[in-house]
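Visitor: Sequence and predicted structure below; questions after.
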Amino acid sequence: MNMFFPLAPRYRLDDESPWLERIDPTRNYWIHINGEKTLTAVIPGFTVSSTDEFKQNIFQFRDLEPGAHIKIERASETCYIYCISQNCYAVECYFNKSLVWHLFDKETLESLLMTGHPDWKCASSSIELGQQMLVRSLQVSTTA
C-alpha cells in the first residue's frame, strides 16, 4: 500500500519566491508552499513565558543532531522539528489533513524560531492573521 507523503521544498532566507507571508501575534508562521499564494500553511512556533525558557528552546534546537527531533507543543496542536542533516531541518505539520514536512536550512529556521522571544512583537499588519487563525479554529471545532 502506498502512503501519501507530500514534501514541500526547502525554504531559505534568500529564496527568490516569496514563501513567508507573515508571522502572526501567536508566533504562527504563515508560509506559501512552493511560493504558491493559494497554498498557505500555518506552522506553529515557540511560545515561552520567560527568557530562560526561550534560551533553553533555542539551545535545544541548536544541539539537534541528524536523526533527532524536538517537539513544539501548543494548546491546539503539536508539531515536530527533525534534523535531517547538518544544514537541513524538517518541520512536520498538517496541510489539508495530510502530513507535510517543510524543509528549512538552519539559518532560516533559527531566524523564525527567534520570534519565540518574549519581547518579540509582530508587525501590526500581521494581527489580522491571528484573527484568521481564530476563525479557522472555531470552524474546525464546530465541524468536528
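Guide: Yep, it's here. Residues are numbered from 1 along each chain as shown.
Visitor: Can you name every helix or strand that the helix or strand containing residue 56 contacts?
Guide: Using DSSP states H and E, residue 56 falls within helix 51-62. When contacts are defined as 3 or more Cβ pairs under 8 Å, 6 or more residues apart in numbering; DSSP states H and E, helix 51-62 packs onto strand 69-73, helix 106-113. Heads up, the C-betas are built off the backbone N, CA and C, glycines and all.
Visitor: pLDDT of it, averaged?
Guide: Average pLDDT, helix 51-62: 94.
Visitor: Pull the residues that contact it.
Guide: For helix 51-62, the surrounding residues in contact (Cβ atoms under 8 Å, 6 or more residues apart in numbering) are 46, 48, 70, 81, 109, 110, 113, 114, 116, 117, 118.
Visitor: Pairing partners for the host helix or strand of residue 89, with directions?
Guide: Per DSSP H and E: residue 89 is located in strand 88-95. Using DSSP bridges, the strands paired with strand 88-95 are strand 78-85 (antiparallel), strand 98-104 (antiparallel).
Visitor: The helix or strand bottoming out on mean pLDDT in the chain: what's the following helix or strand?
Guide: None of the helices or strands of the chain scores lower by mean pLDDT, DSSP states H and E than strand 7-11, at a mean of 59. With elements assigned by DSSP H and E, the helix or strand that comes after strand 7-11 is strand 20-23.
Visitor: which helices and strands sit right next to that following strand?
Guide: Using 3+ Cβ pairs under 8 Å, 6+ apart, strand 20-23 sits against strand 28-32.
Visitor: Kindly recompute the last result at 10 Å.
Guide: strand 28-32, strand 40-44, helix 106-113, helix 127-143 (3 or more Cβ pairs under 10 Å, 6 or more residues apart in numbering; DSSP states H and E).
Visitor: Off-centre distance for that strand?
Guide: Relative to its chain's centre, strand 20-23 lies at 10 Å (Cα atoms, centre = their mean, to the nearest Å).
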